[in-house]
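S.K.: Build me a model:
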Amino acid sequence: MQDYPKLNISTFASWSPSGDNPLIIAGPCAAESKEQVNNTARRLVENGGVHIFRAGLWKPRTSPNSFTGVGRVGLKWLKSVKKTYSIPIATEVMSAKQLLLAVDSDIDYVWIGARTSVNPYSMDEIAAAMGNIDIPVFIKNPLTPDLSAWIGAIERINNAGINKIAVVHRGFQSVYSAPLRNEPIWNIPIKLKCLYPSMPIICDPSHITGNTKFIANIVNKAISLDVSGFMIEVHENPSAALTDEKQQLTPTELSVLLKKIDGFVSNSLSLHAQISNDEEYTQIDHLRALIDSFDENIIKTLSQRFEATKEIGEIKKKLNISALQVTRWQEVMKNRLEEGKKLGLSEQFTTNLMELIHDEALKSQE
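M.R.: Numbering: from 1, shown residues only. Here you go, the predicted model:
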């Protein structure tokens, strides 16, 4: 069994501006102009419910021809928002230089994105620059579904003396992600919560979905898993956004979503109250959520497997080959039994499972 490091994490209530309510971090994916930043912030503050205003200044894009952000000039725009509307501000940093620029500009919170958290060298550089800086840090999960890499990124920041840490679940790159932009793979943040019960988990439904029409469903699921808040992308005019326009809500749409969040939270609290507040029941809830997530992944994997066997069946039909290939089946069963034994599964269970899957595959091929 893998050993995970001990972490010294401050209680979320000691530094979160949301009190007992879910923390809401909202703002545009990218700061595009002073007017766009100000207008979005003004409408969010007027509508209420947002605790931290966020905007990306440096944007790590796959293509160099994409909008890569306004850079340090945007720090002045965020600082103006903070002064004008009395709301804390946050931005993403990917290097020590960006961190120091943000701190010098009175940025209240920083987050570390998925492309950075996966890179140990980048994390070491940022951690080394922390020095005497006391600033809350949000750490997004790496691009790939690797819990150890995520914990490693957290550990590096924690070792630098930063205790005000929250993680951001933004989904993972996966072949199963469609129709979502990134696969939630809920069992990973659930496992993280089981390992570190005091770790605040913030859900980023914008990056999980890539499309605003799915955001409410992801929010509802996240609340059932006791997340501590949400990071949501909001733009004054998403259709004109220079990046990720499909996943950004308008300020009005966010207001509607926040009302739904209140409803989701009330229903979740009511359900928990019917069970118990005991720590053992909370652990059961987390483990049940973990099982649900595993089951979802099993179903998706089986669906992908059967799609592959159907394609093989079409090829066999053209070549006039029998659907049942005895030698191949014997080889598969031998390998799966060995794999199952190594993982602690009984031979009878693995045999029954593989025979059931094989029978279904033969039906689809025939």
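
S.K.: And the longest helix seen in the chain, what does it pack against?
M.R.: For the chain, the longest helix by residue count, based on DSSP state H, is helix 279-319. In terms of contact count using 3 or more CB pairs under 8 Å, 6 or more residues apart in numbering; DSSP states H and E, helix 279-319 is assigned the packing partners helix 187-195, helix 251-275, helix 347-365. In this view, the C-beta of every residue, glycine as well, is placed from N, C-alpha and C.

S.K.: go with 10 Å
M.R.: In terms of contacts (3 or more CB pairs under 10 Å, 6 or more residues apart in numbering; DSSP states H and E), helix 279-319 is packed against helix 187-195, helix 215-224, helix 251-275, helix 347-365.

S.K.: What strands flank the next helix or strand after the first one, and is each parallel or antiparallel?
M.R.: Spelled out, that is helix 187-195. Per DSSP states H and E, helix 187-195 leads on to strand 201-203 as the next helix or strand towards the C-terminus. The pairing partners recorded for strand 201-203 under DSSP bridges are strand 165-169 (parallel), strand 229-233 (parallel).

S.K.: backbone phi and psi for N65, please?
M.R.: N65 adopts backbone torsions of phi -90, psi 0, taken as degrees, to the nearest 10.

S.K.: Any regions of the stretch 201-350 of the chain where pLDDT drops low?
M.R.: Using pLDDT under 70 as the threshold, the predicted model of the stretch 201-350 of the chain has low-confidence ranges 268-283.

S.K.: these two touch, right, W186 and N141?
M.R.: No - with contact defined as CB atoms under 10 Å, W186 does not count as touching N141 (11.6 Å).

S.K.: Of these two, which one has the most company?
M.R.: Taking other CB atoms under 10 Å, W186 and N141 do not tie; N141 has more neighbours (29 against 21).

S.K.: tell me the contacts of the residue nearest to the more buried one when sequence neighbours are not counted?
M.R.: Leaving aside its sequence neighbours, N141 sits nearest to W150 (CB to CB, 6 or more residues apart in numbering; 5.0 Å). Listed by CB atoms under 10 Å, 6 or more residues apart in numbering, the contact partners of W150 are 114, 117-118, 139-142, 144, 167, 169, 172, 188-189, 191-192.

S.K.: of these, closest to L254?
M.R.: Using CB to CB, H169 is the member of the contacts of W150 that sits closest to L254, with 19.0 Å.

S.K.: what about the closest one, distance to T252?
M.R.: For H169, the distance to T252 under the criterion CB to CB, to the nearest Å works out to 26 Å.

S.K.: now N21
M.R.: Taken as CB to CB, the spacing of N21 relative to T252 amounts to 21 Å.

S.K.: So between those two, which is more surrounded?
M.R.: The residue with the greater number of neighbours, taking N21 and T252 and applying other CB under 10 Å, is N21; the counts read 15 against 11.

S.K.: Low-confidence bits of the stretch 1-150 of the chain, can you list those?
M.R.: Using pLDDT under 70, the flagged stretches of the stretch 1-150 of the chain are 1-2.

S.K.: All the helices of it, in order from the start?
M.R.: Counting by DSSP state H, counting those that start in this stretch, one finds helices in the stretch 1-150 of the chain at the ranges 34-47, 73-85, 96-104, 114-117, 120-130, 147-159.

S.K.: List the buried residues for the second one?
M.R.: Put plainly, it is helix 73-85. Applying a neighbour-count criterion of 16 or more other CB atoms under 10 Å, one finds 74-75, 77-78, 81-82, 85 buried in helix 73-85.

S.K.: and that helix, C-alpha only, in CSV?
M.R.: The C-alpha coordinates for helix 73-85 follow below in CSV (Å, rounded to 0.1, in the frame of the first residue of the first chain):
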residue,chain,number,x,y,z
VAL,A,73,-0.5,44.9,-17.5
GLY,A,74,-3.6,43.1,-16.3
LEU,A,75,-2.4,43.2,-12.7
LYS,A,76,-3.3,46.9,-12.7
TRP,A,77,-6.8,46.1,-13.9
LEU,A,78,-7.3,43.6,-11.1
LYS,A,79,-5.9,45.9,-8.5
SER,A,80,-8.4,48.6,-9.7
VAL,A,81,-11.2,46.0,-9.3
LYS,A,82,-10.1,45.3,-5.8
LYS,A,83,-10.0,49.0,-4.9
THR,A,84,-13.3,50.0,-6.6
TYR,A,85,-15.5,47.1,-5.6
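
S.K.: Quick one: residues in contact with that helix.
M.R.: Under the criterion CB under 10 Å, 6+ apart, external residues in contact with helix 73-85 comprise 27, 30-38, 40-42, 44-46, 50, 53-58, 70, 87-91, 98, 101-102, 104-108.

S.K.: Kindly report the same for the shortest one.
M.R.: Outside helix 114-117, the residues within contact range by CB under 10 Å, 6+ apart are 60-62, 92-95, 98, 111, 122-123, 125-126, 139-144, 149-150, 152-154, 156-157, 167-168, 170-173, 182, 204, 207.

S.K.: and with 6 Å instead?
M.R.: 60, 94, 122, 139-140, 142-143, 153 (CB atoms under 6 Å, 6 or more residues apart in numbering).

S.K.: now do the fifth one
M.R.: Identification of contacts with helix 120-130 by CB under 6 Å, 6+ apart yields 96, 99, 116, 153, 156-157, 160, 162.

S.K.: 10 Å - rerun?
M.R.: Applying CB under 10 Å, 6+ apart, the contact partners of helix 120-130 are 93-100, 103, 110, 112-113, 115-117, 119, 137, 139, 149, 152-162.
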